[in-house]
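Asker: Model the structure of this input:
(2 chains)
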Number of protein chains: 2
Amino acid sequence: MEAIRFSNQTLYLLDQTALPQEEVWRAYTRYQDVKNAISTMVVRGAPAIGITAAYAVVLAAHQYASDTWELFVSQMSQAISDLNAARPTAVNLSWALERMKRLLFSPKEETLVLDALLEEAIAIHNEDIQMNQRMGAFGADVVPENAGILTHCNAGALATGGYGTALGVIRAAHKQGRVSMVYADETRPLLQGARLTAYELQKDNIPVTVLTDNMAGAMMAAGKIQMVVLGCDRMAANGDFANKIGTYSLAILAQYHGIPFYTALPVSTIDFSIEDGSQIIIEERDGNEVLNFFGVQTTPVGVLTCNPAFDVTPHHLLTGIITDQGVLYPPFDRHIAALSRR
Amino acid sequence: MEAIRFSNQTLYLLDQTALPQEEVWRAYTRYQDVKNAISTMVVRGAPAIGITAAYAVVLAAHQYASDTWELFVSQMSQAISDLNAARPTAVNLSWALERMKRLLFSPKEETLVLDALLEEAIAIHNEDIQMNQRMGAFGADVVPENAGILTHCNAGALATGGYGTALGVIRAAHKQGRVSMVYADETRPLLQGARLTAYELQKDNIPVTVLTDNMAGAMMAAGKIQMVVLGCDRMAANGDFANKIGTYSLAILAQYHGIPFYTALPVSTIDFSIEDGSQIIIEERDGNEVLNFFGVQTTPVGVLTCNPAFDVTPHHLLTGIITDQGVLYPPFDRHIAALSRR
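Answerer: This is a model prediction of the structure:
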């Protein structure tokens, strides 16, 4: 399964706001529209956002290719800055844009840049899939036999270049016959678990049970959950990490029940520049996402709400960090510092 | 605010499935329809279910009043047994039916029974409101100054004869100026928090912020919550208690953050016949409540789910139990045994 394609100078995104009811591919030729697609979560998931932004830089370069070099550079700087502001929390966005920028602003000849930019975006995309597959292989080793696995939000093929981070681990473990059931939190407000994780796993014939977010503790107490694995939007150098709102609660519940708790992420999701989770910017999204459900208002008019898209889980609640370079255990700061940053 | 009225041999229920969009009162003259109203949650909340069932016994007595005494007794036994099966977890249902039964099956004369039955149902209703007000007075004393209070589901006027258990405590504390904000979990799948708690508190001008269920941990970590208070559907003799799914998770999160965690309940919600929470029957409701949202399917077709309406919180996670006879602290079993059962 994949949600991002590029051909004939056009970026195609599987519209994740319409799943699972409709499978609609949307076509983009202007980076501004791609920025909007990221903001409105047509595409979401930290690695997928990075890949999409890389392709958007390719589109921008085509948009401005006929300008003078000076104008081209200034417009591309603006485009990259716009794209970088599409969503604040996932670090893969700025990581991918940084890679594109390095290539963009040190060229000899303009046509060379266009080809090289596309090659770089494709490389970012392909490397992500390969990283997911390595993560899956490393991660499958830590999945207990006959495991009930709880996951949150969607850290799957739809959230990445393909295969998935947390769902990549689940896919690999399922192939080895270790997974008895995947429990997917529906993940309010935008229901990425109910809509996307259930959709992906069902397509792959992996057994999946959708839970409301408030069932996790009871399912753990009932002995249904042997492992929690979920994704990551940004990890600090000490292992603290931001992920979809609700992750922090799950980490506490897992610790209380003695259940191993893992996050799975490519090294591109680690922000080596920040020491701990307190420095991660948490995106506050429109409160109407909470007060509405498929366009129907759930609350009386005028009620207050808040809508942090993510929360920060401190590293001490993590059993391990599944990366494409292996599974890390405490002390996380030392093992993170030892990772190859390529 | 009230959701249950009785006049002219007719029971009126404010339809809680239609709130807050519509305020619709439904009229009932047959106990069978009341049973259905309880099962489908037109009326819900442990005390409210008990009161409603008491009035339903009055309706049944009118339905069968012209039968021979022998037939009357047999049909009333059937009616009570039917009503008792409407929902399995809340003990107030069987508690109220037991009170009506005692009166029903020891009469001298049939007309006397009809009047006496109505008086008893009204007494159950009025006593509940008085118990809530006493609970409010006792509970307000344990609310910290300037408190952010988290509650779950709806344990308010709508869930009781009026005033509310947990929301009664909040109402009383708010009157004393102690409440800075009430945080209401939306409470999936049926959104009693978003729909009913927000509706009640807004009507009383008590500030309320609606959260998705997965935000609780992050809000606690952010220092927004100084107390958790919520309702109870059945409490065992040791203080273990069943309440809306998600309560158990909140109890663990509160303990982790050192936040006081209370349940508020009338003594009629205590099942003195069971030793601990393992003996509480948990209602499993239709999975479509989880897979749908206001009639829209959220998941792909064919996905598995489960839908336990309640979970059980062990007493050791409770700071205190707010009852109409005072606030109980550990050891709960001894203090529960010392309560007056009337």
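Asker: For whichever residue of the stretch 1-150 of chain A sits closest to chain B, identify the helix or strand it belongs to.
Answerer: Residue nearest to chain B within the stretch 1-150 of chain A: residue A:20 (4.2 Å; Cβ to the nearest Cβ). Heads up, the C-betas are built off the backbone N, CA and C, glycines and all. Residue A:20 is located outside every helix and strand, with elements delineated by DSSP states H and E.
Asker: Report the mean per-residue pLDDT for the longest helix along chain A.
Answerer: For chain A, the helix with the greatest residue count under DSSP state H is helix A:110-140. Averaged over helix A:110-140, pLDDT sits at 93.
Asker: before we move on, the earlier item: model confidence score at the residue of the stretch 1-150 of chain A closest to chain B, please.
Answerer: 95.
Asker: if we can go back for a sec, tell me what the longest helix of chain A is packed against?
Answerer: For helix A:110-140, the packing partners by 3 or more Cβ pairs under 8 Å, 6 or more residues apart in numbering or on different chains; DSSP states H and E come out as strand A:4-7, helix A:46-63, helix A:92-104, helix A:166-175, strand A:261-264, strand A:320-323, strand A:326-328.
Asker: thinking again about what came up before, ok, now which ones touch the residue of the stretch 1-150 of chain A closest to chain B?
Answerer: A:195, A:196, A:198, A:199, B:299, B:300 (Cβ atoms under 8 Å, 6 or more residues apart in numbering or on different chains).
Asker: any idea how far the fourth one lies from residue A:147?
Answerer: Noted for residue A:199: a distance of 21 Å to residue A:147, by Cβ to Cβ, to the nearest Å.
Asker: what about those two, which has more around it?
Answerer: Set residue A:199 next to residue A:147 and count neighbours by other Cβ atoms under 10 Å in any protein chain shown: residue A:199 wins out with 24 against 21.
Asker: Can you give the domain ranges for chain A?
Answerer: Taking automatic domain parsing as the criterion, chain A consists of the domains A:4-133, A:144-337.
Asker: ok, of these, where does mean pLDDT dip lowest?
Answerer: Sorting the domains of chain A by mean pLDDT places domain A:4-133 lowest, at a mean of 94.
Asker: First-to-last residue distance for that domain?
Answerer: Start-to-end span of domain A:4-133 (Cα to Cα, to the nearest Å) is 17 Å.
Asker: repeat for stretch A:83-91
Answerer: Where stretch A:83-91 begins and where it ends lie 12 Å apart, using Cα to Cα.
Asker: And that stretch, how far out from the chain middle?
Answerer: Mean-position distance between stretch A:83-91 and its chain equals 12 Å (Cα atoms, centre = their mean, to the nearest Å).
Asker: Stretch A:69-79 too?
Answerer: Between the centre of stretch A:69-79 and the centre of its chain there are 29 Å (Cα atoms, centre = their mean).
Asker: As TSV, the contacts of residue A:20 with secondary structure and distance to residue B:3 would be great.
Answerer: Compiled in TSV, the contacts of residue A:20 are given as follows (DSSP: H, G, I helix; E, B strand; the rest coil; distance: Cβ to Cβ, whole Å):
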residue	secondary structure	distance to residue B:3
A:195	helix	34
A:196	helix	38
A:198	helix	35
A:199	helix	39
B:299	coil	32
B:300	coil	37
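Asker: Format those as CSV; extra columns: distance to residue B:242.
Answerer: Output for these, formatted as CSV (distance: Cβ to Cβ, whole Å):
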residue, distance to residue B:242
A:195, 30
A:196, 33
A:198, 28
A:199, 33
B:299, 27
B:300, 32
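Asker: Residue A:182 belongs to a strand, doesn't it?
Answerer: Yes. According to DSSP: H, G, I helix; E, B strand; the rest coil, residue A:182 belongs to a strand.
Asker: these two touch, right, it and residue A:210?
Answerer: No. Applying Cβ atoms under 8 Å as the test, residue A:182 and residue A:210 come out as separate, 9.7 Å apart.
Asker: Residue B:6 is nearest to which of the helices and strands packed on helix A:110-140?
Answerer: Of all these, strand A:261-264 sits nearest to residue B:6, with 51.9 Å by Cβ to Cβ.
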